[in-house]
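Asker: need a structure here:
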Amino acid sequence: MKSNILANRLADITGMAYAGQSLNIAELAEKYQVSTKTIRRDFNRLCAILERCPETGNYLLSVSARSQYNEQDLVRLINDLGLKKALPLKAAQFLRSFISDSTSDCYHFQEQPLEADFISSLYRVFETAIKNRRSVSFLYKDKSRTVSPYLMVYSRGSWYLAAISEGTLKTFSLARIKFVCVQKDHFDYDSSVVEKIKEQDTIWFGQPIFNVTIEVSRDVAFYFERKALLPKQKIIEKRQDGSLVISSSAWSYKQIAPIVQYWIPNIRVLSPCELDTYIRKNFTSWLDQAGCETESEVL
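Answerer: A predicted model of the protein is given here:
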């Protein structure tokens with residue numbers, strides 16, 4: 001048990017170092033509920049990749065460890081993280097200069113993982129289960145589940161477990177998973193499931209797909225041309241007035257309605273009519289609720 005705790009702590013510290021974080025002994029001791037002496041021993045074990053900063057007294061990833069990544073490693077990392085289109089040309093060179101601090105003071109990344117701390121307590125358990133093709137059981141929304149795990153999926157700031165549950169591919173929010181237990185039995189691995197997960201740009205699995213047609217006004221057309229804001233988005237017409245007609249596909253109204261609602265009044269659903277009705281009901285319900293609250297405040 002102690003060896004597992006040590007291994008997990010060292011793995012976390014290593015991950016933080018490679019993420020470019022400055023490691024403070026006192027802060028880590030408080031985080032892991034151990035003594036500063038224990039953290040110093042951890043740093044000694046990781047002396048091959050850590051070096052002390054004379055100015056702050058904190059520890060950083062050593063220069064030699066930073067230079068171990070070659071161009072192919074960085075290109076693969078960029079592609080796997082889906083950052084190829086987000087970074088400048090020659091993205092590997094960009095990351096090298098960013099890691100070495102020669103350009104880091106020129107950039108600021110606002111988007112951060114929303115559940116970075118949470119996944120640190122679960123990812124190794126699911127890594128083990130996925131690699132060894134082992135079923136896992138856990139409590140999810142107050143219901144016991146036993147599933148065959150395939151991938152951990154990061155989507156829109158949150159982490160999910162993609163797994164086969166009762167014969168159907170489903171996703172489970174890691175933030176809602178409790179009491180995880182890796183089972184002794186193995187499941188029959190199907191590589192086509194992984195392909196199915198990776199070819200989608202959504203976590204809404206196991207539901208029938210329906211097509212959507214959207215009209216976008218000229219005032220916000222630029223944002224939809226710059227980036228696909230809708231699932232499986234395709235611009236099928238750009239009108240003379242600058243407005244767009246866009247096709248999309250979704251698995252659930254809840255997948256696409258929030259996006260449409262965000263851009264109202266500069267966007268409207270052309271089809272299906274049921275989706276348009278669903279969104280209108282959402283707004284009617286919200287207006288009724290807001291009206292009741294206003295009346296109660298007046299009284």
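Asker: quick one: low-confidence parts of this protein?
Answerer: Within the chain, the segments meeting pLDDT under 70 span 1-4, 66-75, 77-78, 81-93, 95-105, 107-121, 206-207, 291-299.
Asker: longest strand in it, by residue count?
Answerer: strand 143-155 (DSSP state E).
Asker: neighbours around residue 31, how many?
Answerer: 14 (other C-beta atoms under 10 Å). In short, each C-beta sits where N, CA and C put it, glycine included.
Asker: any idea how far residue 51 is from it?
Answerer: 21 Å (C-beta to C-beta, to the nearest Å).
Asker: now do residue 22
Answerer: 12 Å.
Asker: before we move on, what about residue 290?
Answerer: For residue 290, the distance to residue 51 - C-beta to C-beta - is 57 Å.
Asker: In terms of neighbours, single out the busier of the two.
Answerer: More crowded of residue 290 and residue 51, by other C-beta under 10 Å: residue 51, with 15 against 10.
Asker: hang on, that one packs against residue 58?
Answerer: No - with contact defined as C-beta atoms under 8 Å, residue 51 does not count as touching residue 58 (10.3 Å).
Asker: for the helix or strand that contains residue 60, packing partners?
Answerer: Assigned by DSSP states H and E, residue 60 falls within strand 59-61. Judged by 3 or more C-beta pairs under 8 Å, 6 or more residues apart in numbering; DSSP states H and E, strand 59-61 is in contact with helix 2-18, strand 50-52.
Asker: one more time with 10 Å, if that's ok
Answerer: Where contact means 3 or more C-beta pairs under 10 Å, 6 or more residues apart in numbering; DSSP states H and E, strand 59-61 is packed against helix 2-18, helix 36-45, strand 50-52.
Asker: Paired strands for the last one, with orientation please.
Answerer: The strands beside strand 50-52 in its sheet (DSSP bridges) come out as strand 59-61 (antiparallel).
Asker: chain center to the strand it pairs with, what's the gap?
Answerer: Here strand 59-61 is found 26 Å from its chain centre; the criterion is C-alpha atoms, centre = their mean, to the nearest Å.
Asker: what's in contact with it?
Answerer: 13-14, 16-25, 28, 39-40, 42-43, 46-47, 49-53, 66, 99 (C-beta atoms under 10 Å, 6 or more residues apart in numbering).
Asker: so who does residue 137 touch?
Answerer: 144-147, 179-183.
Asker: quick one, strands of the protein?
Answerer: According to DSSP E, the strands that the chain contains are 50-52, 59-61, 134-140, 143-155, 158-165, 168-173, 177-186, 210-216, 234-238, 244-250, 267-271.
Asker: okay, the ones you listed in a markdown table with distance to residue 258 next?
Answerer: Formatted as a markdown table, those follow (distance: least, C-beta to C-beta, whole Å):
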| stretch | distance to residue 258 |
| --- | --- |
| strand 50-52 | 44 |
| strand 59-61 | 39 |
| strand 134-140 | 23 |
| strand 143-155 | 14 |
| strand 158-165 | 14 |
| strand 168-173 | 16 |
| strand 177-186 | 23 |
| strand 210-216 | 13 |
| strand 234-238 | 20 |
| strand 244-250 | 11 |
| strand 267-271 | 12 |
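Asker: Go through those and name the closest to residue 194.
Answerer: Closest approach to residue 194 among the strands of the chain is made by strand 143-155 (5.7 Å; C-beta to C-beta).
Asker: Note down every partner strand of the closest one and its orientation.
Answerer: strand 134-140 (antiparallel), strand 158-165 (antiparallel).
Asker: Please identify the buried residues of that strand?
Answerer: 145, 147-154 (16 or more other C-beta atoms under 10 Å).
Asker: Surely residue 122 and residue 161 touch.
Answerer: Yes - Residue 122 lies in contact with residue 161 (C-beta atoms under 10 Å); the separation is 8.5 Å.
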